[in-house]
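*Asks:* sequence and computational prediction follow.
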Amino acid sequence: MSMTIAATPGEVAERILLPGDPMRAKWIAENFLTGAKQFNAIRAMYGFTGTYKGVRVSVMGSGMGAPSMSLYLHELFMDYHVQVAVRIGTCGAIQDAVQIGDIILPMTASTDSGINRRTTNGLDFSPPADFALLKLAHSLAAKVPVHVGGVASMDMFYDTTDSTDRLREHGVLALEMETSALYSLAARKNRRALSILTVTDHLNTHEAMSAEARERTLNDMVELSLQTIVSGQD
């Protein structure tokens, strides 16, 4: 057992999916994994381990923002020896070429988070995805349009600054809150990581995905994430 995760050694698989919402982790375990068993419920941050296509996989909520992602991911890497982490989540598009329901595979993640600079002694480190996982996910994605490029992980969800315009000018595809922390910690701990994001909102047009479409496209994202994490096990 670590500080915030109640699992015992061996209960967490080497491959893990990390949705931000712990209830989504529970839903994934119940609907996609075989023989899923719960290993964590501390602070209602549910975690489960089961199998998908015969490969052992865990799924656990990571919360919102870089601090929460960094805390749980550190323990998963260092205390439970997770080797591959795939974030599955949503994002808001800021480029006209990206549409509601599309999937974004971030090659890299910019951020305004102070955590990033603190861990690199003030440097503006822009962490990359694991290329093999990125390439694999791109090759497996067939049901929906996929975009590969940069995203920005922001500390403020309701941002009142003009940073979005600057990021748009630099080709950033979308905004979210956790990918930079995921990629940075994976780089520092020599682990493999990828984010797979569904566009549910568009900051240019103010469109938002309907509840029905959200359920359908999130299913596609979960299936793509699971196929990627088990196919890329080597």
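*Replies:* Yes, it's here. Every value quoted in this text rests on a predicted model; they were computed, and no experiment measured them.
*Asks:* could you find the closest non-adjacent residue to the residue nearest in space to the middle of the chain?
*Replies:* Taking Cα atoms, centre = their mean as the criterion, Arg87 is the residue nearest the geometric centre of the chain, at 1.9 Å. Nearest non-adjacent residue to Arg87, counting by Cβ to Cβ, 6 or more residues apart in numbering: Ser195, 4.2 Å away. Glycine gets a C-beta too; all of them are placed from N, C-alpha and C.
*Asks:* can you check Asp124 too?
*Replies:* Arg117 (7.1 Å).
*Asks:* ok, the one you found - how many residues close by?
*Replies:* Arg117 has 14 neighbouring residues, counting by other Cβ atoms under 10 Å.
*Asks:* can you point me to the longest helix in the protein?
*Replies:* When the chain is scanned for its longest helix (criterion: DSSP state H), the result is helix 211-231.
*Asks:* now the lowest-mean-pLDDT helix or strand in the chain - C-alpha only, PDB.
*Replies:* Ranked by mean pLDDT, DSSP states H and E, the helix or strand of the chain with the weakest confidence is helix 114-119, at a mean of 80. C-alpha atoms of helix 114-119 as PDB (Å, rounded to 0.1, in the frame of the first residue of the first chain):
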ATOM      1  CA  GLY A 114       4.400  25.400 -12.300                       C
ATOM      2  CA  ILE A 115       5.000  21.700 -11.600                       C
ATOM      3  CA  ASN A 116       6.700  21.300 -14.900                       C
ATOM      4  CA  ARG A 117       9.200  24.100 -14.300                       C
ATOM      5  CA  ARG A 118       9.800  23.100 -10.700                       C
ATOM      6  CA  THR A 119      10.900  19.600 -11.700                       C
END
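*Asks:* what residues does that helix touch?
*Replies:* 66-67, 70, 123-125, 155, 180-181, 184, 188 (Cβ atoms under 8 Å, 6 or more residues apart in numbering).
*Asks:* and that helix, how far out from the chain middle?
*Replies:* Distance of helix 114-119 from the chain centroid (Cα atoms, centre = their mean, to the nearest Å) equals 19 Å.
*Asks:* same check, this time on stretch 34-42
*Replies:* 19 Å.
*Asks:* please point out which parts of that stretch sit buried.
*Replies:* The neighbour-count check on stretch 34-42 (16 or more other Cβ atoms under 10 Å) flags 36, 38-40 as buried.
*Asks:* let's see which of these end up in helices.
*Replies:* Assigned to helices by DSSP H, none of the buried residues of stretch 34-42 qualify.
*Asks:* how about JSON lines for those residues, with pLDDT added?
*Replies:* Formatted as JSON lines, the buried residues of stretch 34-42 follow (pLDDT from 0 to 100):
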{"residue": "Ala36", "pLDDT": "98"}
{"residue": "Gln38", "pLDDT": "98"}
{"residue": "Phe39", "pLDDT": "97"}
{"residue": "Asn40", "pLDDT": "96"}
